[in-house]
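In: Please find the sequence and the predicted model below.
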Amino acid sequence: MIIADLSKTEGRTYPARRRTQNIVGGASPIQAKNFAIGNVTLEPNGGQVPWHNQEQEEVYFVVEGTGEMCLGSERKVLTTGQAAYIPSGVFHQITNIGDKPLRMIYCYGPAGDVAHWKQELAGTLPKAGVEAPPLPPGARPQCTEKPQ
């Protein structure tokens, strides 16, 4: 039996103030062909998965916290216990708008790397409204900071 243990998974911290821990896929001991799953912690007041798109379809499930979810031209608040479906190819972003960490689980399929992880670390994410579609009106800005 292969077991992934979050308490023993360091994960990776990204410039947009989040920590991602692979549960299935990536650095996890559990690998699957059809899907990947991970735990993400967004820092309070602005931690983010920045505006991006990918070939895989995906679901974000908020385990605890409050976030602003942008999907295409829509913007809504997600809270504990809510999930958002993200179709293939659609730009999306989630930002922690609360004073406490937001913890969420992502699941996407098929498995494999998604380009935005490397783009964010390299400081090359397509900028909303310039190289990518604009964020919905009133949305928190996309984090495009280069790592320190």
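Out: Thanks, I have it.

In: How is the residue nearest the centre of the chain assigned, secondary-structure-wise?
Out: Using CA atoms, centre = their mean, the residue of the chain that lies closest to the mean C-alpha position is Val49, 4.0 Å off. Here Val49 is strand, with the state taken from DSSP: H, G, I helix; E, B strand; the rest coil.

In: Contact partners for the nearest residue to Gln21 once chain neighbours are set aside?
Out: Closest residue to Gln21 apart from its sequence neighbours, by CB to CB, 6 or more residues apart in numbering: Gly11 at 3.5 Å. Glycine gets a C-beta too; all of them are placed from N, C-alpha and C. By CB atoms under 8 Å, 6 or more residues apart in numbering, the contact list for Gly11 reads 19-22, 39.

In: What part of this structure, helix or strand, is modelled with the least confidence?
Out: The weakest-scoring helix or strand in the chain, judged by mean pLDDT, DSSP states H and E, is helix 115-122 (a mean of 89).

In: any idea where the strands of the protein begin and end?
Out: 12-14, 18-24, 36-42, 48-52, 57-64, 66-71, 74-79, 83-86, 92-96, 102-109 (DSSP state E).

In: Please tabulate the ones you listed in JSON lines, including the columns mean pLDDT and distance to Arg140.
Out: Below are the strands of the chain laid out as JSON lines (pLDDT from 0 to 100; distance: least, CB to CB, whole Å):
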{"stretch": "strand 12-14", "mean pLDDT": "94", "distance to Arg140": "16"}
{"stretch": "strand 18-24", "mean pLDDT": "97", "distance to Arg140": "14"}
{"stretch": "strand 36-42", "mean pLDDT": "98", "distance to Arg140": "11"}
{"stretch": "strand 48-52", "mean pLDDT": "97", "distance to Arg140": "7"}
{"stretch": "strand 57-64", "mean pLDDT": "98", "distance to Arg140": "15"}
{"stretch": "strand 66-71", "mean pLDDT": "98", "distance to Arg140": "6"}
{"stretch": "strand 74-79", "mean pLDDT": "98", "distance to Arg140": "9"}
{"stretch": "strand 83-86", "mean pLDDT": "98", "distance to Arg140": "16"}
{"stretch": "strand 92-96", "mean pLDDT": "98", "distance to Arg140": "4"}
{"stretch": "strand 102-109", "mean pLDDT": "98", "distance to Arg140": "13"}
